[in-house]
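*Asks:* build the 3D model from these lines:
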Amino acid sequence: MISKLRKKIIAINVVSVCIVFAVAMVLVFSTGYARINDERIIRLNGIVEQESLRDLEISKLKGVVVVEYDEDNANTLWTTTGEDVRLSDEQIESVVKKVVSKEKNEGWASVRVLYAKRSVDGVTRVALYDRHSNMRGVLLYMIYTLIALVVGSISYLVISYVLARVALAPVEESWNKQKQFLADASHELKTPLSVIMANTEIIASHGDETVESQKKWIENTRLESERMADLINDLLFLAKNDDGLKAQMDKVNISECVETIVLSHESVLYENGKIFNYSITSDLIVFGNDGQLKQLVAILLDNANKYSIGAGNILLEVENVGKNVHISVSNDCEELTEEQLEHLFDRFYTVDESRNKSNAGNGLGLSIAQVITHTHRGKITAECHNGRITFTVSIPLLKTK
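*Replies:* Numbers count the residues shown, from 1 in each chain. Down below sits the predicted model:
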């Protein structure tokens with residue numbers, strides 16, 4: 001699809017530019033040629049207004065025929081022909097008779113011949129310009145124009161191809177990510193659905209059993225349903241963000257937001273045997289959405305809970321750094337490569353698939369955290385050094401209380 005779109009854009013650009021270029025060339029040629037013809041008329045008028053035509057130098061009459069014609073006797077008195085004139089004597093005589101009968105003193109005698117005339121002492125002076133004398137120059141001009149059009153079109157084709165690739169690169173990347181997103185979402189939704197269907201078939205095949213005896217399958221179905229509901233909610237959040245839907249913003253005390261989430265997660269971390277410490281600078285105000293900021297902190301703490309190793313040594317810090325509020329969550333973890341760090345915020349990306357399944361993750365948490373951070377005009381980064389990973393969120397500080 002992107003390839004076809006690129007070709008259409010290039011074709012439209014090249015065709016439109018060729019049309020504009022061709023029209024411009026025709027206009028320039030027409031205007032220039034009309035001006036040249038006006039100059040030729042002026043030249044012919046200058047010739048017929050000479051005191052004596054017979055004193056004219058032949059070298060100055062290139063492409064010109066000068067005739068003195070007696071209208072009363074209808075005969076030619078005198079004729080002189082310059083260089084590059086391709087008119088025969090018969091053609092000259094025919095054109096002169098036509099010119100003498102015209103009312104206008106200048107103009108076109110035919111498609112090929114320009115003229116100017118004056119009557120002096122009963123004799124009509126006629127100067128004819130044979131346009132054929134400069135046809136070679138016109139032909140060369142047209143050839144050069146055509147070459148310029150072809151070269152310009154080819155050059156613009158190359159430029160359009162390069163620019164189209166550059167312009168469509170983000171679109172192509174987004175398109176590929178969207179296709180991957182749909183494939184991954186389908187896969188993630190398929191897994192809990194398969195489990196639910198399998199469990200219901202097992203329960204249905206033991207119709208004479210009690211609910212208590214089937215509790216294992218019912219509980220599995222409930223857990224998978226909750227997992228699928230969480231996944232759908234995450235997908236809807238990302239879809240709304242892709243459509244440009246933003247949450248309502250207001251002044252938020254981010255210190256109180258973080259404290260609320262810390263209190264709700266402290267017991268969970270303790271039950272999982274994690275060491276958890278935190279330091280929160282009080283009364284830091286940002287412009288944002290209270291619910292999304294709480295969701296952001298919850299995602300970072302859930303991530304630390306799921307993927308920290310051993311006691312975890314989880315540390316959360318909220319502090320004022322310059323004009324920004326920094327929220328950082330760090331914990332002990334397995335060493336990650338640079339490539340793994342680069343993909344941590346990709347949708348459905350998980351470092352360890354098997355571990356992810358056991359912790360009921362879907363690979364969307366950090367993607368949502370990144371979306372929330374960008375919505376708040378902030379930046380989120382991940383760094384891993386000496387067996388510890390640190391996620392840092394930087395959001396512009398509105399003011400301190």
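
*Asks:* the one helix or strand in the chain whose mean pLDDT sits lowest: what's the following helix or strand?
*Replies:* Comparing every helix and strand of the chain by mean pLDDT, DSSP states H and E singles out helix 353-358 as the least confident one, with a mean of 46. Remark: after helix 353-358, the chain's next helix or strand is helix 365-375, criterion DSSP states H and E.

*Asks:* check which residues of that following helix are buried.
*Replies:* Using 16 or more other Cβ atoms under 10 Å as the burial criterion, the residues of helix 365-375 that qualify are 365-373, 375. C-beta here means a position set from N, CA and C on the backbone, and glycine is covered the same way.

*Asks:* packing partners of that helix?
*Replies:* In terms of contacts (3 or more Cβ pairs under 8 Å, 6 or more residues apart in numbering; DSSP states H and E), helix 365-375 is packed against helix 215-242, helix 290-307, strand 379-385, strand 388-396.

*Asks:* mind giving me the packing neighbours of the longest helix belonging to the chain?
*Replies:* Scanning the chain for the longest helix, with DSSP state H as the assignment, gives helix 135-205. Based on contacts counted as 3+ Cβ pairs under 8 Å, 6+ apart, the elements that helix 135-205 packs against are helix 2-48, helix 215-242.

*Asks:* make JSON lines out of these and add mean pLDDT and mean neighbour count.
*Replies:* JSON lines is the format used below for the helices and strands packed on helix 135-205 (pLDDT from 0 to 100; neighbours: other Cβ atoms under 10 Å):
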{"stretch": "helix 2-48", "mean pLDDT": "82", "mean neighbour count": "13"}
{"stretch": "helix 215-242", "mean pLDDT": "76", "mean neighbour count": "15"}
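
*Asks:* any chance of CSV for the ones you listed, columns distance to R86?
*Replies:* Written out in CSV, the entries for the helices and strands packed on helix 135-205 read as follows (distance: least, Cβ to Cβ, whole Å):
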stretch, distance to R86
helix 2-48, 16
helix 215-242, 73
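
*Asks:* among those, single out whichever gets nearest to D332.
*Replies:* Ranking those by distance to D332, with Cβ to Cβ as the measure, places helix 215-242 first at 26.0 Å.

*Asks:* got the angle between the closest one and helix 290-307?
*Replies:* In terms of direction (axes from the mean of the first three to the mean of the last three Cα atoms, to 10 degrees), helix 215-242 departs from helix 290-307 by 130 degrees.

*Asks:* pull the distance from stretch 249-260 to the chain's centre.
*Replies:* 38 Å (Cα atoms, centre = their mean, to the nearest Å).

*Asks:* could I have the CA atoms of that stretch written out in CSV?
*Replies:* In CSV, the C-alpha atoms belonging to stretch 249-260 read as follows (Å, rounded to 0.1, in the frame of the first residue of the first chain):
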residue,chain,number,x,y,z
MET,A,249,-6.0,19.0,32.1
ASP,A,250,-5.8,21.0,35.3
LYS,A,251,-3.4,22.0,38.1
VAL,A,252,-2.4,18.8,39.9
ASN,A,253,-0.3,18.3,43.0
ILE,A,254,1.8,15.5,41.7
SER,A,255,3.4,14.9,45.1
GLU,A,256,0.0,13.9,46.5
CYS,A,257,-0.8,11.8,43.4
VAL,A,258,2.4,9.7,43.9
GLU,A,259,1.8,9.4,47.7
THR,A,260,-1.7,7.9,47.0
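
*Asks:* can you mark which positions in it are buried?
*Replies:* Buried residues in stretch 249-260, defined by neighbour count with 16+ other Cβ under 10 Å: 252-255, 257-259.

*Asks:* show residues contacting that stretch.
*Replies:* 280-290, 293-294, 297, 316, 318, 325, 327, 395, 398, 401 (Cβ atoms under 8 Å, 6 or more residues apart in numbering).

*Asks:* same deal with stretch 16-32?
*Replies:* In this structure, residues lying in contact with stretch 16-32 by Cβ under 8 Å, 6+ apart are 141-142, 145, 148-149, 152-153, 156.

*Asks:* and the residues you listed as JSON lines, adding pLDDT?
*Replies:* Supplementary listing: the contacts of stretch 16-32 in JSON lines, determined by pLDDT from 0 to 100:
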{"residue": "Y141", "pLDDT": "74"}
{"residue": "M142", "pLDDT": "77"}
{"residue": "T145", "pLDDT": "77"}
{"residue": "A148", "pLDDT": "81"}
{"residue": "L149", "pLDDT": "78"}
{"residue": "G152", "pLDDT": "79"}
{"residue": "S153", "pLDDT": "79"}
{"residue": "Y156", "pLDDT": "79"}
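
*Asks:* could you flag which of these are buried?
*Replies:* Buried residues within the contacts of stretch 16-32, counting neighbours by 16+ other Cβ under 10 Å: 145, 153, 156.

*Asks:* okay, the residues you listed in TSV with distance to D89 next?
*Replies:* Listed next are the buried ones among the contacts of stretch 16-32 as TSV, based on distance: Cβ to Cβ, whole Å:
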residue	distance to D89
T145	36
S153	47
Y156	52
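
*Asks:* give me the residue at the spatial middle of the chain.
*Replies:* When the chain is reduced to its mean C-alpha position, the closest residue under Cα atoms, centre = their mean turns out to be A167, at 3.4 Å.

*Asks:* residue contacts, it?
*Replies:* Under the criterion of Cβ under 8 Å, 6+ apart, the contact partners of A167 comprise I9.

*Asks:* same thing with the one 5 residues further on?
*Replies:* E172 makes contact with I2, according to Cβ under 8 Å, 6+ apart.

*Asks:* now it: how far from D38?
*Replies:* Noted for E172: a distance of 55 Å to D38, by Cβ to Cβ, to the nearest Å.

*Asks:* go on, I261?
*Replies:* When distance is defined by Cβ to Cβ, I261 is 85 Å away from D38.

*Asks:* what's the answer for L146, then?
*Replies:* Here L146 is placed at a distance of 26 Å from D38 (Cβ to Cβ).

*Asks:* what residues of stretch 145-165 count as buried?
*Replies:* Burial within stretch 145-165, assessed by neighbour count using 16+ other Cβ under 10 Å, is assigned to 145, 153, 156-157, 160-161, 164.

*Asks:* got a list of what S153 touches?
*Replies:* Each residue near S153 by Cβ under 8 Å, 6+ apart is listed here: 14, 17-18, 21.
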